[in-house]
Structure formats: structure tokens, C-alpha cells
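Peer 1: Sequence first, predicted model second:
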Amino acid sequence: MRAVVGDRILVHGRTVGSGEHQGEIIEVRGEEGRPPYLVRFTDGHEGLVFPGSDCEVTSPTR
């Protein structure tokens, strides 16, 4: 997985009834666009994300 600052990330719920989390990648800490990513989620909190199979990264410009 590769991303750039400004890409959006969607983390799918892993259990029945758990919601999805959406956020914007505000910093890419890995080399050549690789994880980890610092993400600002829509609820305002920020966290370091190592995306797994439950994540999607999309670009607003692609």
C-alpha cells in the first residue's frame, strides 16, 4: 500500500455492528509512500495507522 499526504483512508469495522472510520492522511512516515501513516479522523483525533486488509486508501485526485 502506498499513499501521499491528502489521501483518504477508510477503516472498515471488523465486527458486526461496528462502524467504519474515515480520515485524512496528514503525514507519511514510511519510505516511498509506505506505512505507517499519521491520520486525522473525522471525529478529530489523530493516530498512527499501519493499514491492514480492513483498510482502503483513496486519493481525491486519482
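Peer 2: That came through, no problem.
Peer 1: Distance from the chain centre to the helix or strand in which Arg40 is found, please.
Peer 2: Using DSSP states H and E, the element containing Arg40 is strand 37-41. A distance of 6 Å separates the centroid of the chain from that of strand 37-41, by C-alpha atoms, centre = their mean, to the nearest Å.
Peer 1: So Met1 sits against Tyr37, correct?
Peer 2: No: using C-beta atoms under 8 Å, Met1 is not in contact with Tyr37, being 9.0 Å away. The way it works is simple: take the backbone N, C-alpha and C, and place the C-beta from them, glycine included.
Peer 1: shared neighbours, these two?
Peer 2: Pro51 (C-beta atoms under 8 Å, 6 or more residues apart in numbering).
Peer 1: So for these two, which sits in the more crowded spot?
Peer 2: Tyr37 (27 against 14; other C-beta atoms under 10 Å).
Peer 1: And the pLDDT for the most centrally placed residue in the chain?
Peer 2: Computing the C-alpha centroid of the chain and ranking residues by C-alpha atoms, centre = their mean puts Ile9 first, at 3.2 Å. Per-residue confidence (pLDDT) for Ile9: 96.
Peer 1: Next: Gly13.
Peer 2: 74.
Peer 1: what's the distance between it and Val4?
Peer 2: Gly13 is 26 Å from Val4, where distance means C-beta to C-beta, to the nearest Å.
Peer 1: likewise Pro36?
Peer 2: From Pro36 to Val4 the distance is 14 Å (C-beta to C-beta).
Peer 1: ditto for Arg40
Peer 2: Taking C-beta to C-beta, one finds Arg40 at 15 Å from Val4.
Peer 1: what does Tyr37 give?
Peer 2: Distance of Tyr37 to Val4, given as C-beta to C-beta: 10 Å.
Peer 1: try Leu10
Peer 2: 16 Å.
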